[in-house]
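predicted model follows, preceded by the sequence.
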Amino acid sequence: MTETQIIEELKKGNENYLKYLYSFLPDVRRFTRQNNGDEEDAKDLLQDAIISFYENLRTGKYLQNNLKGYLLTICRNKWFDKLDKLKRQANKIKDIISINEEAEEDRQFEFRIQQRSLSDYLQDALNKLGEPCKTLIEATVYLKIRMEQVAQDYGYADAHSARQQKLRCLKRLKGFTSYEHIINLI
Amino acid sequence: MKDIDLIDRYLSNELDEQQQQVFKNRYLNDPDFKKEVEAYQKIYEGVEKAGRDSLKQRLEGYYNEYIDEDLSIEEDHKIIPISKWRSNMLVLSGIAASVLLVAFGIWYYTLKEAGPNQQIAQAPNNTKIDSGGKPGKYAGTKDHPTTTTVKQNPTTLPITKGNQYGLTNGGKVNTVQVLSVLHPGLWAYTFKDGVLSVYNNPALGIIRLHVFKSGDQYNLWYDGNVYRLDPSASIKTLVKTGQSEDFGTKTTEVLKVQVEPLQAAANPSDNLTVRLQKADQAQYFFRKEKDKQVLELRGNFVPADSKVIEVKTADTRNWYLVYKSAVYELNEKNIDPTNLRELSGLSSEAARLFMKRDPVTVPVYARK
């Protein structure tokens, strides 16, 4: 499998070709190992980079021809951002003496109270909505694929009819919830 | 429909300047329209989050496929002699080593150890297993003082099989299997026919685990600790034999590693009686009956596929219902019928403890 083939398949929405991108994991691991991180960090970083890449590719914003360099640059930037954030946090809580106890309490709290998130709610609502709405909304609202492309990929007569279908789906999706309910989800 | 069209164009950034101005005026002067816009804004935000979260979940699957199939990408258009990125990395790592480490390295590691997620993820480290002497005995740590007695047999834990307790007692009332498990518990395993199953550590990071052989003896390496692996069909506690940074070199031999969910090594419990009644609405509540705790469960659950699990920590106890692959939280405080709430594996650490994970093929290393 070559890089060009993989990108062509991914552009068509054959998402499972993303698995090939994990072959860059040894490179990311080498980087995190040299920069205060471990193997788990490397996997998380690459996962985030793959998501950014895939979102950009589907939206038509990926215009490079060096996939590895692109992914590794994202990983590097994300990693240094994270280290910066940790540094700032560390400065903030310097005065707190028993960090361990605080964290333990937080964890217990988290374990007991599970708040239903906006993401969970939408996940369920989209499942309830069913096809073709689920795919259509994910493609247009999440991946922001152009209507012309959507019409072509999912077999609508033209961009206009795909859009009309999208709006009908959105209306139904909103019908599941009330303003008071959704506005309070985080 | 006209409003949705307009709102969608606004949220998709498709309005020109003049249209935007018209939109803004209406937003400020029409409260109903304002609410409509805000609701859609939330929906769009939620769709993006949900889309990203579910992609993340699917990526875990692709990652496992990558591990299983050992995939690689051939270079097809050009050969990059020495990656510019990598040479930059060398410089950057030098800076990182000197500046980052000195400046806040200590704080970073303190934070890392104190991070709220670490407690669950690193469960086995809290349960100290004596290297030679008495496996099964808890050494009290600061986080988890030894206050609970472990009823488990020190070397062989009972395997809970199928639904030996899932008896039907006729009519519409059924009995569901009740299990109890201590978390974090003793890290345990079975090892036979080239399959290593790991129990009581459902959050185990497979990428940090390696199996290596020294002579004929199999060993497990995890985060710098070495544990002995003996062939065993029954569940054995994992015995730590030492520490090492080295797990040797890769051989051609492979093993399957199965990380078992928390309930896999849980013990049957009679702390609770479950009464299941068929109903369209999935609900539950707890009540006392002659000093005995009873869980009344309503819904379309097949008893054989349902398990009620008590998870005990040093000072708390939580109940969960695991039905097929879904996990529901049961709050003991609810004594009136309450709707069952499914926990999502994406946002709930608790739910992830009960999820079945796919087996992963790993290479066996060899060490002199």
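Happy to help now that I have it. Computed from a predicted model, the values in this text were never measured in an experiment.

drop to CA atoms for contacts and neighbour counts, all remaining ones
Will do.

dig out what B:Val257 forms beta bridges with.
When bridges are called by DSSP bridges, B:Val257 pairs up with B:Leu196, B:Val360.

tell me how many other residues crowd it.
The tally of other residues near B:Val257 (other CA atoms under 10 Å in any protein chain shown) stands at 21.

per-residue confidence for it?
Note for B:Val257: predicted pLDDT of 91.

residues contacting B:Pro268?
Applying CA atoms under 8 Å, 6 or more residues apart in numbering or on different chains, one finds that B:Pro268 lies in contact with B:160, B:177-180.

so which of the residues you listed belong to strands?
For the contacts of B:Pro268, the ones inside strands are B:177-180, with DSSP state E as the criterion.

check pLDDT for the contacts of B:Pro268 and point me to the minimum.
B:Thr160 (40).

in JSON lines, list the ones in strands among the contacts of B:Pro268 along with neighbour count and distance to B:Tyr328.
As requested, these are arranged in JSON lines below (neighbours: other CA atoms under 10 Å in any protein chain shown; distance: CA to CA, whole Å):
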{"residue": "B:Gln177", "neighbour count": "24", "distance to B:Tyr328": "15"}
{"residue": "B:Val178", "neighbour count": "24", "distance to B:Tyr328": "14"}
{"residue": "B:Leu179", "neighbour count": "24", "distance to B:Tyr328": "15"}
{"residue": "B:Ser180", "neighbour count": "22", "distance to B:Tyr328": "16"}
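
now the strand or helix carrying B:Gln19: average pLDDT?
Element membership of B:Gln19 [criterion: DSSP states H and E] is helix B:17-29. Here the mean pLDDT over helix B:17-29 is 92, rounded to a whole number.

again, but for stretch B:264-278
Mean pLDDT, taken over the full extent of stretch B:264-278, equals 87.

show me where pLDDT drops low in the chain?
Unless you meant another one, I'm taking chain A. A:92-116 (pLDDT under 70).

please go with chain B instead
Residues of chain B meeting the criterion pLDDT under 70: B:1, B:75-174, B:345-347.

what residue is smack in the middle of it?
If you average the C-alpha coordinates of chain B and look for the closest C-alpha using CA atoms, centre = their mean, you land on B:Arg352, 3.1 Å from that point.

returning to what we had before: now render the contacts of B:Pro268 as TSV, adding distance to chain A.
As requested, the contacts of B:Pro268 are arranged in TSV below (distance: CA to the nearest CA, whole Å):
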residue	distance to chain A
B:Thr160	25
B:Gln177	23
B:Val178	20
B:Leu179	19
B:Ser180	17
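
the residue nearest to the centre of chain B sits in which helix or strand?
helix B:349-353.

and if you look at A:Leu167?
With DSSP H and E as the criterion, A:Leu167 is inside helix A:159-175.

that helix vs chain B: in contact?
Yes: remark: helix A:159-175 sits within contact range of chain B at A:167-168, A:171, A:174, by CA under 8 Å from any CA of the partner chain.

show me which of those are buried.
A:167, A:174 (16 or more other CA atoms under 10 Å in any protein chain shown).

got the buried residues for the helix holding A:Leu167?
Taking 16+ other CA under 10 Å as the basis for neighbour counts, the residues of helix A:159-175 that come out buried are A:159, A:162-163, A:165-167, A:169-170, A:173-174.

got the CA coordinates for it in PDB?
Taking C-alpha atoms only, helix A:159-175 is exported to PDB below (Å, rounded to 0.1, in the frame of the first residue of the first chain):
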ATOM      1  CA  ALA A 159     -26.300  19.600  -4.200                       C
ATOM      2  CA  HIS A 160     -29.700  21.300  -3.800                       C
ATOM      3  CA  SER A 161     -31.600  18.100  -3.000                       C
ATOM      4  CA  ALA A 162     -28.800  16.900  -0.600                       C
ATOM      5  CA  ARG A 163     -29.000  20.200   1.200                       C
ATOM      6  CA  GLN A 164     -32.800  20.000   1.500                       C
ATOM      7  CA  GLN A 165     -32.400  16.500   3.000                       C
ATOM      8  CA  LYS A 166     -29.800  17.800   5.400                       C
ATOM      9  CA  LEU A 167     -32.100  20.600   6.600                       C
ATOM     10  CA  ARG A 168     -35.000  18.100   7.100                       C
ATOM     11  CA  CYS A 169     -32.700  15.900   9.200                       C
ATOM     12  CA  LEU A 170     -31.500  18.800  11.300                       C
ATOM     13  CA  LYS A 171     -35.100  19.800  12.000                       C
ATOM     14  CA  ARG A 172     -35.900  16.300  13.200                       C
ATOM     15  CA  LEU A 173     -32.700  16.200  15.200                       C
ATOM     16  CA  LYS A 174     -33.700  19.400  17.000                       C
ATOM     17  CA  GLY A 175     -37.200  18.000  17.500                       C
END
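
can you list contacts of it?
Residues from elsewhere that reach helix A:159-175 (CA under 8 Å, 6+ apart): A:125-126, A:129, A:133, A:136-137, A:147-151, A:156, B:1, B:4-5, B:39-40, B:43.

restricted to helices, list those residues.
In helices, judged by DSSP state H, the following of the contacts of helix A:159-175 are found: A:125-126, A:129, A:133, A:136-137, A:147-151, B:4-5, B:39-40, B:43.

list buried residues within the residues you listed.
Buried subset of the ones in helices among the contacts of helix A:159-175 (neighbour count, 16+ other CA under 10 Å): A:125-126, A:129, A:133, A:136-137, A:147, A:149-151, B:4, B:39-40, B:43.

for these, which one is nearest B:Thr338?
B:Thr338 lies nearest to A:Ala125 out of these, by CA to CA, at 20.9 Å.

so what's that closest one up against?
Shown here is A:Ala125, whose contacts under the criterion CA under 8 Å, 6+ apart are A:173, A:176.

using the record's assignment, carve chain A into domains.
A:3-112, A:118-183 (automatic domain parsing).

next, give phi and psi for B:Asn219.
Backbone torsions of B:Asn219, given as degrees, to the nearest 10, read phi -140, psi 150.

swap in the one 3 residues further on?
Note on B:Tyr222: its backbone torsions stand at phi -140, psi 120 [degrees, to the nearest 10].

ok, it touching B:His210?
Yes: taking CA atoms under 8 Å as the contact criterion, B:Tyr222 and B:His210 are neighbours in contact, 6.5 Å apart.

roughly how far is stretch A:129-140 from the heart of the chain?
Centre-to-centre, stretch A:129-140 and its host chain are 17 Å apart (CA atoms, centre = their mean, to the nearest Å).

which outside residues touch that stretch?
Outside stretch A:129-140, the residues that reach it (CA under 8 Å, 6+ apart) are A:126-127, A:145-147, A:150, A:165-166, A:169-170, A:172-173, B:47-48, B:51.

stretch A:176-186 and chain B, are they touching?
Yes: with CA under 8 Å from any CA as the threshold, stretch A:176-186 lies in contact with chain B, specifically through A:179, A:182-183.

distance between the ends of that stretch?
Between the opening and closing residues of stretch A:176-186 we find a distance of 17 Å, counting by CA to CA, to the nearest Å.

so what's B:Ile309 closest to, chain neighbours aside?
Leaving out its chain neighbours, the residue that sits closest to B:Ile309 by CA to CA, 6 or more residues apart in numbering or on different chains is B:Leu179, at 4.7 Å.

scratch that, B:Ala279
Ranked by CA to CA, 6+ apart and with sequence neighbours excluded, the top spatial neighbour of B:Ala279 is B:Gly299, at 4.4 Å.

wait, that neighbour touches B:Gln277, no?
Yes: the pair B:Gly299 / B:Gln277 is scored as a contact, 6.6 Å apart, by CA under 8 Å.
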